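Enquirer: need a 3D model of the sequence below.
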Amino acid sequence: MDKRQQKKIERRSKIRRRIRSTIKGTAERPRLSVFKSNKYTYLQLVNDLDGVTLAASKAETGVDNAKEAGSELAKLAQDKGINKVVFDRSGYKYHGIVKAAAEGARDGGLDF
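Expert: Alright, predicted model coming up:
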């Protein structure tokens, strides 16, 4: 891994720690966490107090797929009676896939 990649990873980790220090998911208002790999986009609703994942969704990388994953996660959440969440972008910029996932969840009925 070259220096540039290492620097990006360290920057994202620092942002992630800062975000997680203020955002906590509860059973009534879980944390909607976004993770991007090279192949997939993962969305999870996490209850940080109990350390459990309440619902999860996965889609192949791409803006359209991320939006579908967001709306799918919103449907799963509403089936469990969850309407409000706290959004956790996990250190990624609110742009592209992360923004599409958030908009899909909002369109699906989640409030944040």
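Enquirer: and Ala69, what element?
Expert: Per DSSP states H and E, Ala69 falls inside helix 63-79.
Enquirer: and the contacts of that helix?
Expert: For helix 63-79, contacts defined as Cβ atoms under 8 Å, 6 or more residues apart in numbering pick out 30, 32, 41, 43, 45, 54-59, 83, 85, 96-98, 100-110. Every C-beta, even on glycine, is put in place using the N, C-alpha and C of the backbone.
Enquirer: helices along the chain, start to end?
Expert: For the chain, the helices defined by DSSP state H occupy 3-22, 63-79, 97-107.
Enquirer: as TSV, the ones you listed with mean neighbour count, mean pLDDT and distance to Gly91 would be great.
Expert: Converted to TSV, the helices of the chain look like this (neighbours: other Cβ atoms under 10 Å; pLDDT from 0 to 100; distance: least, Cβ to Cβ, whole Å):
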stretch	mean neighbour count	mean pLDDT	distance to Gly91
helix 3-22	11	95	4
helix 63-79	20	98	16
helix 97-107	21	98	10
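Enquirer: just put the ones you listed in a markdown table and tack on distance to Lys36.
Expert: Listed next are the helices of the chain as a markdown table, based on distance: least, Cβ to Cβ, whole Å:
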| stretch | distance to Lys36 |
| --- | --- |
| helix 3-22 | 10 |
| helix 63-79 | 9 |
| helix 97-107 | 6 |
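Enquirer: neighbours around Ile82, how many?
Expert: When neighbours are defined as other Cβ atoms under 10 Å, Ile82 has 23 of them.
Enquirer: likewise for Gly25?
Expert: By other Cβ under 10 Å, 24 other residues sit near Gly25.
Enquirer: so it sits against Leu49, correct?
Expert: Yes. Taking contacts as Cβ atoms under 8 Å, Gly25 lies within contact range of Leu49: 7.5 Å.
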